[in-house]
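Student: okay, predicted coordinates and the sequence, questions at the end:
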Amino acid sequence: MGARSCFLVLSLLAAVSACSGYRSTVLPRLAITGEYTDNVGQDETNPQSDVINTVSPGVTYSLTGATRGLTLSYDPSLAYHAEREESFSTRHAATLNAYDQMTRASRFELRDSFTLTDDPTPTRDPTFQRTDEPAPTEDTTIRRGTEPYYTNFANARFLHRFGPTDLFFLAYTHSMLQNEDPNLEDNTRHIPEAGVTYYFNPRYGIEANARYSRGDFSGEGETVSDSINELYMRSRLIRRFSPRLGLFVQYALTRMAFEGNDPDYQVHDVSVGFDYNPSETVSVSMGGGYFYRTIDDGDPTGGYVVRGDMAKRFARGAVRLSGGIGYDQAFYGAENLGFTEFHEILVAGTYEFTRTLSGEVSASYRNSSYTDVADREDTVAAFLAGLNYRLRPWLLASLRYVHRTVDSNQVGGGYDENRVSLSLTMVPATPFILNR
């Protein structure tokens, strides 16, 4: 089911359910933003500036009952580009979140996220709380220009708990990317998945999950990437020292099979680590190990893997530090670059200076080496700083500065861009209740 059809059907269901004892609310909003960029085309040798003024009305509809809930959000935007030949463009962002607590032990969840934009590097707000909820994979490749593109990520998941810490889940994910730029490939993915967590006793347990991913590509270029069949399996042995501290040993296997001339390969990943959650506001995880990659008709390679994440929330703010070294796979972004070895780090913080003034800051760095693409290496560094001032309970003013530096050993691959934006957001302090 497409994103639009899914939203239409669930909206109709929401209207019916609203008459059956559910509590429904509506939260409208309006954002007006002016943004200046000194390199709208992400060009290394001839940067062009632009001023983009955006008007974004939006609404969130929520429907909650004793065991079921539904939230729909939609934010269309009309953007005026002062220096572009086609002055006006439209952008759309929509999300859906629904759940059904079928029994005390069983739960069904549905998520959908749709975005249509012509912004090649949309700003993502930092998060300060770890979550295991499914989410779209961040595109770490380089996108340029102002051609529109849209993405859709849909996930359905069934969870069943059969013990205090024991559960299994079944899930299906569908994602897609469509580009109006004829030089870029489109792609779709279908991902069924299953997993289980089981503790033999209060100290020892296992986690295991497996997923199959089918990726297909299309485009107007002379060559189109091979379809991909990916199998991923992971198992973890856990030793609990307390409800808040656990050590683990993990093995993961990735098998990639291409329907074409690209060589198949597989990656073995062995690591050890720990999870520590000393309080509801602090979480720490760390792991390290080694990966070994074998490739058909090629020499095997390997490298170290280190993953770490720390998040802390306190009375007037939050901080987060995450990063590591290792590998991933860049098949489904603006560029199809395959197996990737990377180094990355992210640090972010937010602080509430007064009841009406708050600030945020983040800095990130990532170096990506695309080992299946000859001599391709990219480095992306970004810095964000912002201030938010609440003029009225219903009116928020935000000032934000973003700097982005891209360095690539490809010809014309690097650029610098600075963005400054000022926005006013009008939203009621509380949502409107449609029924009780």
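Tutor: Noted; the coordinates are in hand.

Student: so where's the chain uncertain?
Tutor: Along the chain, segments meeting pLDDT under 70 span 1-20, 411, 436.

Student: helices of that one, start to end?
Tutor: According to DSSP state H, the chain carries its helices in the segments 3-17.

Student: and the residue nearest the centre of it, how far is that from Arg111?
Tutor: What sits nearest the mean C-alpha location of the chain, by C-alpha atoms, centre = their mean, is Pro136, with 4.1 Å. As defined by C-beta to C-beta, to the nearest Å, Pro136 lies at a distance of 10 Å from Arg111. (Each C-beta comes from the backbone N, C-alpha and C, glycine too.)

Student: also Gly413?
Tutor: Counting by C-beta to C-beta, the gap from Gly413 to Arg111 is 35 Å.

Student: looking at those two, which one has more neighbours?
Tutor: Per other C-beta atoms under 10 Å, whichever of Gly413 and Arg111 has more neighbours is Arg111, with 19 against 15.

Student: thought the more buried one was touching Asn97?
Tutor: Yes - Arg111 is within contact range of Asn97, at 5.6 Å (criterion: C-beta atoms under 8 Å).

Student: identify the contacts common to those two.
Tutor: Listed as contacting both Arg111 and Asn97 by C-beta atoms under 8 Å, 6 or more residues apart in numbering is no residue at all.

Student: count of residues packed around Gly21?
Tutor: With neighbours defined by other C-beta under 10 Å, the count for Gly21 comes to 10.

Student: cool, and Asp226?
Tutor: Residues near Asp226, counting by other C-beta under 10 Å, number 16.

Student: phi, psi of it?
Tutor: phi -70, psi 150 (degrees, to the nearest 10).

Student: wait, isn't it in contact with Ala257?
Tutor: No - counting by C-beta under 8 Å, Asp226 stays clear of Ala257, with 9.5 Å between them.

Student: list residues touching both of these two?
Tutor: Here Asp226 and Ala257 share no contacting residue, scored by C-beta under 8 Å, 6+ apart.

Student: need the contact partners of stretch 151-170.
Tutor: Outside stretch 151-170, the residues within contact range by C-beta under 8 Å, 6+ apart are 2-3, 6, 105-115, 134-136, 171-178, 192-199, 205.

Student: what residues of it count as buried?
Tutor: For stretch 151-170, the neighbour count (16 or more other C-beta atoms under 10 Å) marks 151-161, 167-169 as buried.

Student: stretch 221-234 now?
Tutor: Neighbour counts using 16+ other C-beta under 10 Å place Ser225, Asp226, Ile228, Glu230, Tyr232, Arg234 of stretch 221-234 among the buried residues.
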